[in-house]
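Chemist: I need the structure of the sequence given here:
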Amino acid sequence: MAYAAPAGYLRWADHDPARPFTLDPGYVLGWTDALRTVHGESIDWVGGWLSFPDTLTADRATEQPLIRQARTDGLIGDDTVLLCIGWNRHEVEVHAYAAFADDMERLLAVEWLSAAAWHEQ
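Modeler: Model (predicted):
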């Protein structure tokens with residue numbers, strides 16, 4: 001099973017584009033409780049994702065300040081990733097980042113499953 005949720009802004013008007021990782025703590029707590037009710041304590045992957053207003057893939061230079069901000073906010077780590085998603089020449093492109101201990105943030109390899117393989121899981 002896979003679930004996705006918005007960041008939980010109280011109102012879209014309160015959203016600050018310079019701080020895309022600002023979350024409403026009450027929303028996040030409720031969402032976490034809901035998932036644990038359905039799946040117990042075994043949630044095996046947690047992460048966030050960003051896409052840009054023009055929906056195009058950003059270059060790494062554009063993504064780096066956001067990756068550092070996500071790390072500072074504790075939103076990426078060795079078991080929590082951040083995906084930057086966009087279109088590149090009519091195909092979806094995903095850059096996945098994680099951070100390990102005192103190491104720099106790392107760009108991870110992204111592999112795609114076929115629809116059939118996804119449904120078999």
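
Chemist: show me which positions of stretch 30-43 end up buried.
Modeler: Across stretch 30-43, burial judged by 16 or more other CB atoms under 10 Å covers residue 31. Every C-beta, even on glycine, is put in place using the N, C-alpha and C of the backbone.

Chemist: quick one, longest strand in this structure?
Modeler: Longest strand of the chain, by residue count under DSSP state E: strand 46-56.

Chemist: next, the angle from the helix or strand following it to strand 46-56.
Modeler: Counting by DSSP states H and E, the next helix or strand C-terminal to strand 46-56 is helix 60-72. Angle of helix 60-72 versus strand 46-56, following axes from the mean of the first three to the mean of the last three CA atoms, to 10 degrees, is 150 degrees.

Chemist: quick check: mean pLDDT of helix 60-72?
Modeler: Taken as a whole, helix 60-72 has a mean pLDDT of 85.

Chemist: and the helix or strand just after it, which strands flank it?
Modeler: Note on helix 60-72: by DSSP H and E, the next helix or strand toward the C-terminus is strand 80-88. Here strand 80-88 is paired, per DSSP bridges, with strand 46-56 (parallel), strand 91-99 (antiparallel).
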